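What follows is a predicted protein model with its sequence.
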Amino acid sequence: MDTTTIGHMWLVMITIVPMIIVIAAMVARAKTTIPPKRKRPQPPPVAEGAPLVGVLPAILTKTLQTVICDQYLKLGSVFTLSSFGIKVTFLVGPKVSTHFFHGTESEISISDVYKITVPIFGKGVGYDVDNDTRNEQHRFFAETLRPAKLRSHVGLMVREVEEYFGKWGRCGTVDLKHEIDNVLLLIASRCLLGKEVRDHMHDEVSSLLHELVSGLHLTSMFFPYLPTPAHRRRDQARARFEEIFYKIARARTSSGHVGDDMLQGLIDSKYKDGRATTEAEVTGLLVALLFAGHHTSSTVTAWTATRLLHHAEWLHAATEEQRQLLRMQGDGIDYEVLLQMDVLHRSVKEALRLHPVTPMILRRARRAFTVQTEEGNEYQVPEGRMLASPLVVNNLLPSIYREPKAFDPDRFAAGRAEDKVGGELAYTTFGAGKHACMGEGYAYLQIKVILSHLLRNFKLELVSPFPETENMISMRPKGEVMVRYKRQLLQFA
Ligand code: HEM
């Protein structure tokens, strides 16, 4: 090897090799400093089912509630049920429900779901109008249903209840579900629609409401304007409602008479720009309130009465509370006395937990979003996906409710307050967030007026078996709720 060759090799060793090492090290370092590319989360797991029909056979054989429970145990708190290409992603429990309840309309849409109410409520209100107008109309509801206004309705409710049950005999047997439905319609007639309707048109308005409700069935969810007989009757009923309210509103304006009802509240409502509500809007908003408030309150009152009559210890506790109030406050019932009916209040709340009026709350994802599950998974829910928050499962979660299937109103008592301990979204039977029920206060008032009257004036006994739930669309008690009554004033001396 000559010196030139040796010199060349040294050159390679001392210059080129270190350069290669430095470059290699730089590349290696560069490799480690580039953040690893984040993998996009997977969509929620889909429950296994037969091709095309998916989970439908399981739902038909086992009930929807059982299927949701099974899949929750198998797949965790976020999963998808699919049938005939329709996919619904279920979000079970408070941890995964924040975006569902608090997302904006452009992220999580309620109007896409409730568009089906447009032919019932009418054009120009609710889910027929843009978001800003709807928010203003919600302000009218909030104003009409605020506690200061409700206070004056208690006297009207009490009068209706006393008059209705005053017509019962000394003793007898009745279908309590049917009786509760009737008395609540009278209250709605008086408090919502006004004295004119209550005194002269109650029967007509009751059958119109019936036609509206019957116009909302499975076909109308997909083809709301199909000219079926039920849809025709719905449209005629809607038109007649409009005639009735037009007439009353005009008569009030020309005579200067101011009503003490929600109809008046809506007539007097004004948009931000000073525009008054039109007669068509007033009609639509009233129909919306009737729709939101009647069936729901009637279902809960029937379930609470049935539960109290079925659980002797709670019937005793609720009766003793009435005895105590009679002793301390006399036999008058007003807003303040109703607020003191704590056992009764918790009994209604507990009946609602076990028998929510709707099995699930629905929304549609207008934008994709990610959700972290309580099991530590992360999923991306795609844009356009139908979403469901299943009350029938959320209300029975053992992580929130001790012995969740037991009827135990004390779980909501101070000190235990399982719903509060479970966090803001633990008890969503009245919804939550922006769309939380606006009639919760009104509902509790009328339910407590009815049940306290029954406890104070009758001895009641459930004579039919404890009812099942009608089905997963109407969560009412199935069949008749037969109750034997005997007139008996509650003694407190
Ligand atoms: C115990 C009886 C009731 C129950 C269980 C109940 C339940 C609910 C639920 C779950 C929602 C939310 C729906 C959703 O997020 O999609 C809701 C909304 C609503 N409820 Fe009730 N409700 C009851 C009684 C009433 C009454 C008596 C009224 C009025 C007279 C009323 C007026 C409303 C209104 C206006 C909304 C719509 C709120 C919005 O979209 O922003 N509810 N209710």
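Perfect, thanks for sending it. Numbering: from 1, shown residues only.

Find the nearest non-adjacent residue to R190, please.
Distances taken as CB to CB, 6 or more residues apart in numbering put R198 closest to R190, at 4.3 Å, once the chain neighbours are dropped. Bear in mind the C-beta positions are built from the backbone N, C-alpha and C, glycine included.

Distance of that neighbour relative to the ligand?
16 Å (CB to the nearest ligand atom, to the nearest Å).

So that residue lies in a strand, does it not?
No. Looking at R198 with DSSP: H, G, I helix; E, B strand; the rest coil, it is helix, so not inside a strand.

Enumerate the residues of the stretch 301-450 of the chain near the ligand.
Applying CB under 6 Å from any ligand atom, we find that the stretch 301-450 of the chain lies next to the ligand at 352, 357-358, 361, 429-431, 435, 437-439, 442-443.

my bad, should have said the stretch 51-200 of the chain
Residues of the stretch 51-200 of the chain lying near the ligand (CB under 6 Å from any ligand atom): 110, 138, 141.

again, only using 8 Å
101, 110, 113-114, 138, 141, 145, 192 (CB under 8 Å from any ligand atom).

From the residues you listed, which land in helices?
When DSSP state H is applied, these are split such that 101, 113-114, 138, 141 fall in helices.

list the buried ones in stretch 465-478?
Neighbour-count burial for stretch 465-478, counted by 16 or more other CB atoms under 10 Å, picks out 467, 469, 475-477.

what separates P404 from A417, distance-wise?
Distance, P404 to A417, using CB to CB, to the nearest Å: 15 Å.

Identify the residue nearest A365 in space, chain neighbours excluded?
Nearest non-adjacent residue to A365 (CB to CB, 6+ apart): R385, at 4.7 Å.

Quick one: neighbours of the one you found, just the number.
18 (other CB atoms under 10 Å).

thought it was touching K87?
Yes. Under the criterion of CB atoms under 8 Å, R385 is in contact with K87, at a separation of 6.3 Å.

Touching both of these two, which residues are there?
Residues touching both R385 and K87 (CB atoms under 8 Å, 6 or more residues apart in numbering): T80.

The residue of the stretch 151-300 of the chain found nearest the ligand: helix or strand, and which one exactly?
Scanning the stretch 151-300 of the chain for the residue nearest the ligand gives G293, at 2.9 Å (criterion: CB to the nearest ligand atom). Element membership of G293, judged by DSSP states H and E, is helix 279-310.

quick revisit: quick check, nearest of the buried residues of stretch 465-478 to N395?
Lowest distance from N395 to those (CB to CB) belongs to M475, with 11.5 Å.

For the closest one, pull up the helix or strand it's in.
Counting by DSSP H and E, M475 is found in no helix or strand.

Could you number the chain from 361 rather than 1 from now on?
Sure thing, new numbering starts at 361, so read that last one as M835.

pLDDT score for it?
M835 carries a pLDDT value of 91.

Isn't it up against V717?
Yes. Assessed by CB under 8 Å, M835 is found in contact with V717 at 5.6 Å.

ok, and the most crowded of the residues of the stretch 411-560 of the chain next to the ligand?
Result: L552 is most packed of those (other CB under 10 Å), 24 neighbours.

got the contact list for that residue?
Per CB under 8 Å, 6+ apart, neighbours of L552: 621-623, 646, 649-650, 653.

roughly how far apart are E738 and L669?
From E738 to L669 the distance is 47 Å (CB to CB).

Of those two, which one has the most company?
L669 (20 against 13).

my guess is the more buried one meets V843, correct?
Yes. With contact defined as CB under 8 Å, L669 reaches V843; the gap is 6.8 Å.

what about the helices in the stretch 711-853 of the chain?
Assignment of helices within the stretch 711-853 of the chain using DSSP state H, counting those that start in this stretch yields the ranges 751-754, 778-781, 800-817.

Go through those helices and pick out the most buried.
A comparison of the helices of the stretch 711-853 of the chain by mean neighbour count, using mean count of other CB atoms under 10 Å, puts helix 751-754 on top with a mean of 24.

List of residues touching it?
With CB under 8 Å, 6+ apart as the criterion, helix 751-754 contacts 424-425, 428-429, 432, 452-454, 457, 716, 718-721, 788-789, 832.

Only the buried residues of the helix or strand hosting Q624, if you could.
In the assignment (DSSP H and E), Q624 maps to helix 622-628. By 16+ other CB under 10 Å, the buried positions in helix 622-628 come out as 622-627.

Quick check: which of those are also close to the ligand?
M622.

In a markdown table: the buried residues of helix 622-628, plus pLDDT.
Below are the buried residues of helix 622-628 laid out as a markdown table (pLDDT from 0 to 100):
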| residue | pLDDT |
| --- | --- |
| M622 | 93 |
| L623 | 93 |
| Q624 | 93 |
| G625 | 93 |
| L626 | 94 |
| I627 | 93 |
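
the more surrounded of P764 and A777?
Shown here are P764 and A777; by other CB under 10 Å, P764 has more neighbours (16 against 13).

Model confidence for that one, exactly?
So, for P764, pLDDT stands at 97.

Any figure for the gap between the nearest residue to it once chain neighbours are set aside and V452?
Distance criterion CB to CB, 6+ apart; nearest residue to P764, sequence neighbours excluded, is L756 at 4.2 Å. Applying CB to CB, the value for L756 to V452 is 10 Å.

got it, and P584?
When P584 is compared with V452 (using CB to CB), they lie 30 Å apart.

out of these two, which sits in the busier spot?
V452 (24 against 17).

Heading C-terminal from the helix or strand harbouring D563, find the next helix or strand.
Per DSSP H and E, D563 falls inside helix 562-574. Going down the chain from helix 562-574, the next helix or strand is helix 578-582, by DSSP H and E.

next helix or strand past that next one?
helix 589-615.

and the angle for that following helix with helix 639-670?
With axes from the mean of the first three to the mean of the last three CA atoms, to 10 degrees applied, the angle from helix 589-615 to helix 639-670 works out at 110 degrees.

what pLDDT, on average, does helix 589-615 get?
Mean predicted confidence for helix 589-615 is 91.

now it and helix 562-574, what's the angle there?
Using the same axes, to 10 degrees, helix 589-615 lies at 140 degrees relative to helix 562-574.

What is helix 589-615 packed up against?
Using 3 or more CB pairs under 8 Å, 6 or more residues apart in numbering; DSSP states H and E as the contact test, the elements touching helix 589-615 are helix 478-481, helix 555-560, helix 562-574, helix 622-628, helix 639-670.

other SSEs contacting the fourth one?
Where contact means 3+ CB pairs under 8 Å, 6+ apart, helix 622-628 is packed against helix 491-504, helix 589-615, helix 639-670.

what's the spacing between that helix and its chain's center?
24 Å (CA atoms, centre = their mean, to the nearest Å).

E710 contacts D768, correct?
Yes. Assessed by CB under 8 Å, E710 is found in contact with D768 at 6.6 Å.

Which residue of these two possesses the greater neighbour count?
E710 (24 against 20).

Just give the number of residues close to the closest residue to that one other than its chain neighbours.
If the residues on either side of it in the chain are set aside, E710 comes closest to P769, at 4.3 Å by CB to CB, 6+ apart. P769: 24 surrounding residues under other CB under 10 Å.

I'd guessed P769 sits against V703; true?
Yes. Proximity of P769 to V703 meets the contact threshold set by CB under 8 Å, at 6.6 Å.

Between those two, which contacts overlap?
In contact with both P769 and V703: 674, 677, using CB under 8 Å, 6+ apart.

which residues touch the closest residue to L714 other than its chain neighbours?
Spatially, and ignoring its direct neighbours in sequence, L714 is nearest to F767 (6.4 Å; CB to CB, 6+ apart). Residues near F767 by CB under 8 Å, 6+ apart: 667, 670-671, 674, 710-711, 714.
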